[in-house]
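please find the sequence and the predicted model below.
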Amino acid sequence: MQSFTKLKLNKDFRRAYGRGKSFVHPAIVTYVVKTKTPGCHIGITTGKKLGCAVKRNRARRIITAAFRECLPDIERQCDIVFVARTRILKFKSTDLYPVIYSHLKEAGVMGEQP
């Protein structure tokens, strides 16, 4: 199984915001930047507008679970940043999976669907 690492540095997030392609959905915004470093790196941003820490952590868990479903199909090396919006609290990871899959497919980092 392919694994991923998490982005933690502010410069990595800023590079994704500045140079990356963005894809918008009412529940999530996705930024994708192709890189030369091996592997896939993701970062998740949840603002205080979402609510208390419990709600922000739930949003991160939902995004991570939906992304893990897409991970085996990712073929390219890239940095991906997900920005949670307020509507994500009404979603489950199974509802968010097609959204993330379509964003990554549009970005050109996904292989063909099995």
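Good, I have the coordinates.

please enumerate the strands of this protein.
Here the chain has its strands, by DSSP state E, at 4-6, 21-24, 28-34, 40-45, 78-84.

out of those, flag the one nearest R58.
Between R58 and the strands of the chain, the tightest spacing by CB to CB is seen for strand 78-84, at 9.7 Å. Using the backbone N, CA and C atoms, a C-beta is placed for each residue, glycine as well.

in the sheet, which strands lie alongside the closest one, parallel or antiparallel?
In the sheet, strand 78-84 lines up against strand 28-34 (antiparallel), strand 40-45 (parallel) (DSSP bridges).

could I get the ones you listed as JSON lines with mean neighbour count and mean pLDDT?
Below are the strands paired with strand 78-84 laid out as JSON lines (neighbours: other CB atoms under 10 Å; pLDDT from 0 to 100):
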{"stretch": "strand 28-34", "mean neighbour count": "20", "mean pLDDT": "96"}
{"stretch": "strand 40-45", "mean neighbour count": "20", "mean pLDDT": "95"}
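
out of those, flag the one nearest K105.
Set against K105 and scored by CB to CB, the strands paired with strand 78-84 come closest in strand 28-34, at 10.6 Å.

for the strands paired with strand 78-84, which one sits closest to R19?
Nearest of these (CB to CB): strand 28-34, 5.5 Å.

any idea how far the closest one is from the chain center?
Distance of strand 28-34 from the chain centroid (CA atoms, centre = their mean, to the nearest Å) equals 6 Å.

ok, now stretch 103-111?
Relative to its chain's centre, stretch 103-111 lies at 12 Å (CA atoms, centre = their mean).

in the longest helix along the chain, which residues are buried?
Using DSSP state H to define each element, the chain has its longest helix at helix 53-70. Residues of helix 53-70 classed as buried by neighbour count (16 or more other CB atoms under 10 Å): K55, R56, R58, A59, R60, I62, I63, A66, F67, C70.

quick check, the second one in contact with L50.
Right, the one you point to is R56. Yes. Counting by CB atoms under 8 Å, R56 does reach L50; the two are 5.2 Å apart.
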